[in-house]
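Chemist: have a look at this prediction, sequence included:
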Amino acid sequence: MSSEFMIASSIFFIGKASIVYGALAFSFSMIGLILPNSFVVGNPLEVSGISFEHVFGHIMWGLVAGIASFSFRYAILSGLFPIILDFDHLLQFFEVEMIPRMAHSFTFGLIVMVVMMVIFGRKDLRLAAISIAAVFSHLSFDIFLVGGTEFPVLAPFTSEFITFTEPYWILFQFISIALIFVASIIFFKKQKIKIMK
Ligand SMILES: [Zn+2]
């Protein structure tokens, strides 16, 4: 395979996976329209604290976890997914009654992991791991940035917001790194077995 082809295929893969991830985060946020306790959240640019540090921090946190994939394309995706997860804020522009931060949920992490495996193949363990790990690294940085915040982590089963204090950023980032690391070890072990056969 030529290196140009490799680069093109990596860019295509990263683009496709990012679009799917964003579509899933946005679609999932729509469930918040029918949950109890929904309210008009307001323009995300005004109420959701979007800043340079916010965007940069999410990418950095994701990249750091992504290093555990030992792969350039997965590390890049691991940096992109956490910021793309914030697509769940887009619905706020429509000024409808909703639950904010829907994709900031463990349930979303599990769903997005399964859907990515269905779309990209069950063998792509690293992509599956990065998909759920991005939720943890995202929560980690949101907590780190403001020193404690709340998320509807069990949505859509309950729209209740659960508060996480400062030390949780360490736990969540650790979980994020561990998920990617374990998936990569399994992937490389399987590959080694294939080569030996
Ligand atoms: Zn967020």
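Modeler: Arrived safely. Numbers count the residues shown, from 1 in each chain.
Chemist: residue 50: what secondary structure?
Modeler: Classification of residue 50 by DSSP: H, G, I helix; E, B strand; the rest coil places it in coil.
Chemist: and the pLDDT at residue 42?
Modeler: At residue 42, the pLDDT value in this model is 88.
Chemist: ok, now which ones touch it?
Modeler: Each residue near residue 42 by CB atoms under 8 Å, 6 or more residues apart in numbering is listed here: 92, 95. C-beta here means a position set from N, CA and C on the backbone, and glycine is covered the same way.
Chemist: do you know how far the residue most central in space within the chain is from residue 47?
Modeler: Within the chain, one residue has its C-alpha closest to the average C-alpha position: by CA atoms, centre = their mean, that is residue 134, at 3.1 Å. For residue 134, the distance to residue 47 equals 23 Å [CB to CB, to the nearest Å].
Chemist: which residues in the protein form helices?
Modeler: With DSSP state H as the definition, the chain shows helices at residue ranges 3-30, 44-47, 52-66, 72-84, 106-120, 125-146, 168-196.
Chemist: closest to residue 157 out of the ones you listed?
Modeler: Set against residue 157 and scored by CB to CB, the helices of the chain come closest in helix 106-120, at 6.8 Å.
Chemist: for that closest one, name the packing helices and strands.
Modeler: helix 3-30, helix 125-146 (3 or more CB pairs under 8 Å, 6 or more residues apart in numbering; DSSP states H and E).
Chemist: who does the shortest one touch, helix- and strand-wise?
Modeler: For helix 125-146, the helices and strands in contact under the criterion 3+ CB pairs under 8 Å, 6+ apart are helix 3-30, helix 52-66, helix 72-84, helix 106-120, strand 148-151, strand 162-165, helix 168-196.
Chemist: one more time with 7 Å, if that's ok
Modeler: Secondary-structure packing of helix 125-146 (3 or more CB pairs under 7 Å, 6 or more residues apart in numbering; DSSP states H and E): helix 52-66, helix 72-84, helix 106-120, strand 148-151, helix 168-196.
Chemist: the longest one now?
Modeler: Contact partners of helix 3-30 among helices and strands, from 3+ CB pairs under 7 Å, 6+ apart: helix 72-84, helix 106-120.
Chemist: model confidence over the shortest one, on average?
Modeler: Right, the one you point to is helix 72-84. Mean pLDDT, computed over helix 72-84, is 97.
Chemist: residues contacting residue 159?
Modeler: 35, 36, 37, 99, 152 (CB atoms under 7 Å, 6 or more residues apart in numbering).
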